[in-house]
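Trainee: next comes the sequence, and after it the predicted model I'd like to discuss.
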Amino acid sequence: MFDILSFTIFCAVSAIAYYFVIRDRNQRVYELAAKLPGHDKFTLLQSFLLILKTPRKDYISKVLGYMRNEYPVTKIWLFNNLLVLTKDADFINKVFNMHQTYNKPDIFYKGFMTSKGLITLAGSEHKRHRKVLNKAFTSKMMQRLPEIFDEKAKKIIGNLCEVEDRGEFELLNYIGPFSLETFGKSNLNYEIDYHRSEILDAYDRYSSVAVDYLPYSMMSISKNLITPTKLGQRIQDVFQKFDNYFDNVIKSNNQNNNNNMLESTAIDILLDPKNEFTEEEIKDELIMMLLGAFETSTRIISMTLMMLGMHKDIQHKLIKEIEEVYNLEDTNAKFSADFLQKFPYLEMVIKETMRLFAVVPLVARETSEEVDINGFLIPKNTTILISIYAMQRDEKYWGSDAHLFKPERLENGMEFPHAWAPFTGGSRICIGYRYAMMAMKVFLINFFRTYTVNCSQKFEDIESEMTMTLNFLTGYKVSIHKNQ
């Protein structure tokens, strides 16, 4: 039987042996990493502190603080994991379009707590899901969406009468239901009143819960092991609400025969036996697709309204464009993809908001093999951490006023088009990016035909935090008044 000294010696020898085994196994990684600009290997303590002690509101500044501006890439270490950070547009575009960087790293994406959805799937499984689900977002399917968006926008804007001329209110309480209702009708064949619904509450809390779980997922601690903790209870509560909602969606669709529909919606495709999706795959895809619709449309519409409430000259110019289009058109003209092309300034306003406030500020890819990217040899199984937020605010691409809200900068196109990537790019670009742009345009046109918006907060006082998405710390508060 070991005494304490013998046991201590045994543990020390084992640890040293393990270190040299890992070191030998990763010798090529260390060899290539030594040639990359950046930071030396973090100690175990530094890695723990970076993960556990950084407040959410400091995540972005912490990452940006490690970046070396004189190089396109910067290396850092997290435990034994090599991370390559970048905000370089050309490097990022290559990463988005190379087959060797197709997959996403588990070290970050386990935090989503779903493994069978498009956001987290890898390799051939991702390609199979993407190929099948693309059918829900074809050009033909897009043609039926504007009228749905218009119907739901008018409903939500009608509800705004309860807060007009009554001071500032929280936009998310109204824009959130719009995002859920449009996706519910257009892709789930399912309609309920989402205002103050359980699923609205679940999605509102999901991102913060997911990012709080991220440190545990990075240390491979299953969410089941933290169930007794407060965080575990928050996770359980959110996923119980997901289960309740999507069980009802699936039950409703199984009871109704949608076979006579000309085009299949996302839920039709997922439930079609020919596509051989498992129950777990169906649930995970639904959670992630509705998350994408909720986070993108809700945050960007809310941010855009705040920007316009702070920049009255830009708001007046947008309202003028909308009025001019409707002066030339039948005021009851139906929304269509062609009709939405008549609002170029609106598109500039939305894109400038998305540039300044990248809804997904950080994304990651993983190398499946050793690969040369713009002269930098990146080892196999390296995480490439991409700061969309930093790239889209970089003066190198956007000028000395990159930190300001100026839609006019997009008037003649973009000098560096790869430096604008809020939906990422390449074959893993957001599957619903056209859906999101269309929904946002329809809502904002309807809104400014009815209201003007004011925001008392100053642009320079905005503080953000990073959950799974970018979030304004002080909320999304505006006041509204009927158009004169």
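Mentor: Here it is on my side, so go on.

Trainee: which SS state does the nearest residue to K342 once chain neighbours are set aside fall under?
Mentor: Nearest residue to K342, sequence neighbours excluded (Cβ to Cβ, 6 or more residues apart in numbering): V325, at 5.0 Å. Yep, even glycine has a C-beta here, placed from its N, CA and C like the rest. At V325 the chain is in helix, as set by DSSP: H, G, I helix; E, B strand; the rest coil.

Trainee: also I480?
Mentor: strand.

Trainee: how about E191?
Mentor: Under three-state DSSP, E191 comes out as coil.

Trainee: can you get me a residue count around it?
Mentor: 11 (other Cβ atoms under 10 Å).

Trainee: any idea how far it lies from I148?
Mentor: Separation of E191 from I148 (Cβ to Cβ, to the nearest Å): 10 Å.

Trainee: endpoints of stretch 470-484, how far apart?
Mentor: 34 Å (Cα to Cα, to the nearest Å).

Trainee: one more: stretch 391-399?
Mentor: 12 Å.

Trainee: do stretch 462-470 as well
Mentor: Start-to-end, stretch 462-470 (Cα to Cα) is 12 Å.

Trainee: from here on, count from 685
Mentor: Renumbered: residue one is now 685, and that last one reads stretch 1146-1154.

Trainee: tell me, what residue is most central in this protein?
Mentor: With distances taken as Cα atoms, centre = their mean, the residue of the chain nearest its centroid is V1044 (3.9 Å).

Trainee: report pLDDT for the residue nearest to K1026.
Mentor: Note on V1009: pLDDT of 94.

Trainee: with V1033 instead?
Mentor: pLDDT, V1033: 99.

Trainee: identify the residues contacting it.
Mentor: T988, M991, L992, I998, L1002, P1091, L1128 (Cβ atoms under 8 Å, 6 or more residues apart in numbering).

Trainee: if you rank those residues by neighbours, which is first?
Mentor: The most crowded member of the contacts of V1033, judged by other Cβ under 10 Å, is L992 (28 neighbours).

Trainee: which non-adjacent residue is nearest F780?
Mentor: Nearest non-adjacent residue to F780 (Cβ to Cβ, 6+ apart): G1110, at 3.5 Å.

Trainee: what segments of the stretch 935-1084 of the chain are strands?
Mentor: With DSSP state E, counting those that start in this stretch as the criterion, the stretch 935-1084 of the chain has strands at 1046-1050, 1055-1057, 1060-1062, 1067-1071.

Trainee: could you list every helix and strand in contact with the second one?
Mentor: Counting contacts by 3 or more Cβ pairs under 8 Å, 6 or more residues apart in numbering; DSSP states H and E, the secondary-structure elements packed against strand 1055-1057 are helix 773-781, strand 1060-1062.

Trainee: start to end distance for stretch 814-832?
Mentor: Stretch 814-832: ends 24 Å apart by Cα to Cα.

Trainee: report the buried residues of it.
Mentor: For stretch 814-832, the neighbour count (16 or more other Cβ atoms under 10 Å) marks V816, L817, K819, A820, F821, M825, L829, P830, I832 as buried.

Trainee: wait, a strand at the third one?
Mentor: In other words, K819. No. Under three-state DSSP, K819 sits outside any strand and is assigned helix.

Trainee: separation between it and N959?
Mentor: 10 Å.

Trainee: can you pull the residues that touch both of the two?
Mentor: With Cβ under 8 Å, 6+ apart, K819 and N959 have common neighbours I953.

Trainee: burial count for S1052?
Mentor: 16.

Trainee: for the closest residue to it other than its chain neighbours, what are its contacts?
Mentor: The shortest distance from S1052 to any non-neighbouring residue, by Cβ to Cβ, 6+ apart, is to Q784 (5.3 Å). Contacts for Q784 (Cβ under 8 Å, 6+ apart) come out as T1051, S1052, E1053, V1055.

Trainee: separate out the buried members of the residues you listed.
Mentor: Members of the contacts of Q784 classed as buried by 16+ other Cβ under 10 Å are T1051, S1052, V1055.

Trainee: my read: the second one touches K1064, true?
Mentor: Read it as S1052. Yes. The criterion here is Cβ atoms under 8 Å, and S1052 meets it with K1064 at 7.0 Å.

Trainee: residues in contact with the closest residue to S1140 other than its chain neighbours?
Mentor: The shortest distance from S1140 to any non-neighbouring residue, by Cβ to Cβ, 6+ apart, is to E852 (6.5 Å). Residues near E852 by Cβ under 8 Å, 6+ apart: C1139, S1140, K1161, V1162, S1163.

Trainee: can you tell me how far E852 is from V1033?
Mentor: 21 Å.

Trainee: and the residue nearest to the centre of the chain, what is it in contact with?
Mentor: By Cβ under 8 Å, 6+ apart, the neighbours of V1044 are I1072, P1106, T1108, M1152, T1153, L1154.

Trainee: name the nearest residue to D772, ignoring sequence neighbours.
Mentor: Once flanking residues are discounted, D772 sits nearest to P756: 3.7 Å by Cβ to Cβ, 6+ apart.

Trainee: right, and that neighbour touches N1058 too?
Mentor: Yes. Assessed by Cβ under 8 Å, P756 is found in contact with N1058 at 6.4 Å.

Trainee: common neighbours of those two, please.
Mentor: Common neighbours of P756 and N1058 (Cβ under 8 Å, 6+ apart) are D772, D774, F775.

Trainee: which of those sits closest to K800?
Mentor: F775 (30.3 Å; Cβ to Cβ).

Trainee: neighbouring contacts of stretch 798-814?
Mentor: By Cβ under 8 Å, 6+ apart, the list of residues contacting stretch 798-814 reads 786-788, 793-794, 796, 817, 962, 964-965, 967-969, 971-973, 976, 1111-1112, 1115.

Trainee: cutoff 7 Å now
Mentor: Contact partners of stretch 798-814, identified using Cβ atoms under 7 Å, 6 or more residues apart in numbering, comprise N787, K788, Y793, F796, L817, E964, E965, D968, E969, I971, M972, I1115.

Trainee: domain assignment for the chain?
Mentor: Following automatic domain parsing, one finds the domains of the chain at 685-718, 726-1166.
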